[in-house]
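K.L.:
Fold the following, please.
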Amino acid sequence: MTDETTLPPNLGAQLLDDFLGAGGGTDPAGVVLMAPQYTQGLGIGAGTVYLADPDAGLLRPLTGGPPLPIEGTAAGEAYRERAVRAAEGEAWFPLLDGEARLGVLGVRTAALDRAGLRRCTLLAALLAMVITAQRDARALPAELLRALLPPSTVYSSEVLSTAVLEPAQELGGDAFDHSLAAGALHAAVLDASGDDLTAALGAAVALAAGRTARRQGAELPALVAGTDRALSRWFPERAATGVFLRLELASGLLHWVNCGHPAPLLIRRQQLVPGALERPEEPPLGPAPQARTTHTASLDPGDLVLVHTDGAAAGLGAERLAELVVHAVADGAGPGRALADALRAGRTAQGGTAADDATALLVEWQPPAFREIGATVRHRTERKNR
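P.N.:
Numbers count the residues shown, from 1 in each chain. Predicted coordinates for the structure are as follows:
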């Protein structure tokens, strides 16, 4: 009699060989696509791996075909509850990485006894290990960059800066930075070319060069020049676009340098001001360091400045991206939620799968005197309407 808590020796050896092959360079996705072969080896029937797409509310089969809704299906219940669920002629096994839910293994079979249930549960655990190995192998650039990124929000009594980065399947060269020092907000949004480890390294070098210059007291032109030289030295074949900002908190004077990046957007009184921060285009950072132009504009209290990568506007356009952020903020959403919802809308407009990372940074300048005036106006309005 075969132990029902293990896989048959021949199948277990095959899956182990395939798994080790994935770790040695074989595409782990190919191992997961062999799920039907493994379930047939158990004498059970056809098996399919479905990976979760929480934003779309769907479980998507790796082998193609129609997705399944997470809500209202036995497969979705297995995913949500992290438990085996059986329906007529089929059973669903959660794919888990610790507490993280990856998807489900669906098995279509006329009957499934206790031994079959236990073996399918073990098979699901092994397939989840393969999926996790694939994800972790792809996550090296993301892990490198995320270790360097600052908190998503920095603020003082005069300013609030919030950034959101939504990665594509593999986080590549998008990055952001913001900090408060010497009475100013210093911020940058970067997009290094490519979507591989080299792109992540390029973005990391740009972040480090900018921070080093800032901590040494460099003004904005010198900071950008240092970043330009660092990229040219370490990655001469790669380029990066970027916007570097310095906002004087007392006066609202905004200085910025744009190196081949989408122009920042100015939102004033809940309206996009078209072209307000557009200036003649300059080359990206990196291959040929050169003198850059520093631009200046005066903000009004309550103004918002939105800086984004081209991936953030993909599927929407810059104006629509700004409109979504404005509407969300007007409806009471916080800046982080407003940015995340806008980026998610862009991904939906691209069919649910983005080809590029999407990063957006929103700066709000609101000096205390302006807030006090706003509170007084609101108080008077409330009294008048009583």
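K.L.:
now the chain, which segments are flagged as low pLDDT?
P.N.:
Scanning the chain for pLDDT under 70 picks out 1-46, 64, 110-112, 133-145, 167-172, 195-196, 351-355, 369-386.
K.L.:
Grab the most central residue of it for me.
P.N.:
Most central in the chain under Cα atoms, centre = their mean is Glu166, positioned 1.8 Å from the mean C-alpha point.
K.L.:
Which stretches in the stretch 51-200 of the chain count as strands?
P.N.:
Counting by DSSP state E, counting those that start in this stretch, one finds strands in the stretch 51-200 of the chain at the ranges 58-61, 68-69, 85-87, 90-97, 100-108, 153-155, 159-166, 174-181, 184-192.
K.L.:
Any chance of TSV for the ones you listed, columns distance to Arg347?
P.N.:
Quick note: C-beta positions are derived from backbone N, CA and C, even for glycine. As requested, the strands of the stretch 51-200 of the chain are exported to TSV (distance: least, Cβ to Cβ, whole Å):
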stretch	distance to Arg347
strand 58-61	13
strand 68-69	19
strand 85-87	29
strand 90-97	23
strand 100-108	19
strand 153-155	22
strand 159-166	7
strand 174-181	14
strand 184-192	17
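K.L.:
Let me know which of the ones you listed is tucked in deepest.
P.N.:
Comparing these by mean neighbour count (mean count of other Cβ atoms under 10 Å), strand 184-192 ranks first with a mean of 26.
K.L.:
before we move on, the earlier item: let me see the contact set for the residue nearest to the centre of the chain.
P.N.:
Shown in contact with Glu166 (Cβ atoms under 8 Å, 6 or more residues apart in numbering): 312, 340, 343-344, 347, 354, 357-359.
K.L.:
and if we set it to 6 Å?
P.N.:
By Cβ atoms under 6 Å, 6 or more residues apart in numbering, the contact set of Glu166 is 343, 358.
K.L.:
is it in a bridge, and if so with what?
P.N.:
The partner list for Glu166 in beta bridges (DSSP bridges) reads Ala358.
K.L.:
can you tell which of the strands of the stretch 51-200 of the chain is closest to Glu282?
P.N.:
strand 184-192 (14.6 Å; Cβ to Cβ).
K.L.:
Residues in contact with the closest one: which ones?
P.N.:
Applying Cβ under 6 Å, 6+ apart, the set of residues contacting strand 184-192 is 159, 161, 173-179, 199, 202-203, 206, 210, 214, 240-248, 307, 309, 359, 361.
K.L.:
sorry, back to before: please report how far the residue nearest to the centre of the chain lies from Thr132.
P.N.:
For Glu166, the distance to Thr132 (Cβ to Cβ, to the nearest Å) stands at 21 Å.
K.L.:
Then Asp303?
P.N.:
45 Å.
K.L.:
Of these two, give the one with the bigger neighbour count.
P.N.:
Between Asp303 and Thr132, counted using other Cβ atoms under 10 Å, the more crowded position is Asp303 (21 against 18).
K.L.:
doesn't Arg269 make contact with the more buried one?
P.N.:
No. Using Cβ atoms under 6 Å, Asp303 makes no contact with Arg269, being 8.6 Å away.
K.L.:
what sits in contact with each of those two?
P.N.:
Residues touching both Asp303 and Arg269 (Cβ under 6 Å, 6+ apart): none.
K.L.:
so the spatially closest residue to Ala338 that is not a sequence neighbour is in which element?
P.N.:
Once flanking residues are discounted, Ala338 sits nearest to Ala328: 3.6 Å by Cβ to Cβ, 6 or more residues apart in numbering. Taking DSSP states H and E as the criterion, Ala328 maps to helix 318-330.
K.L.:
now for that helix, which elements pack on it?
P.N.:
In terms of contacts (3 or more Cβ pairs under 6 Å, 6 or more residues apart in numbering; DSSP states H and E), helix 318-330 is packed against helix 335-349.
K.L.:
buried set for the helix it packs on?
P.N.:
The neighbour-count check on helix 335-349 (16 or more other Cβ atoms under 10 Å) flags 335, 338-347 as buried.
K.L.:
neighbours around the closest residue to His261 other than its chain neighbours, how many?
P.N.:
Nearest non-adjacent residue to His261, counting by Cβ to Cβ, 6+ apart: Thr241, 4.0 Å away. The number of residues packed near Thr241 is 22, by other Cβ under 10 Å.
K.L.:
show me the contacts for Thr241.
P.N.:
Neighbouring residues of Thr241 by Cβ under 6 Å, 6+ apart: 191, 259-261, 284.
K.L.:
Give me the distance between the nearest residue to Pro367 once chain neighbours are set aside and Gln271.
P.N.:
Of all residues beyond its chain neighbours, the one nearest Pro367 is Glu158 (5.0 Å), with distances taken as Cβ to Cβ, 6+ apart. Remark: distance between Glu158 and Gln271 (Cβ to Cβ) = 22 Å.
K.L.:
With Leu185 instead?
P.N.:
From Leu185 to Gln271 the distance is 23 Å (Cβ to Cβ).
K.L.:
quick one, longest helix in this protein?
P.N.:
helix 114-138 (DSSP state H).
K.L.:
still on that earlier bit, now distance to Gly275 and secondary structure too, for the contacts of Thr241, in CSV please.
P.N.:
Putting these into CSV (distance: Cβ to Cβ, whole Å; DSSP: H, G, I helix; E, B strand; the rest coil) gives the following:
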residue, distance to Gly275, secondary structure
Asp191, 21, strand
Cys259, 19, strand
Gly260, 18, coil
His261, 16, coil
Pro284, 21, coil
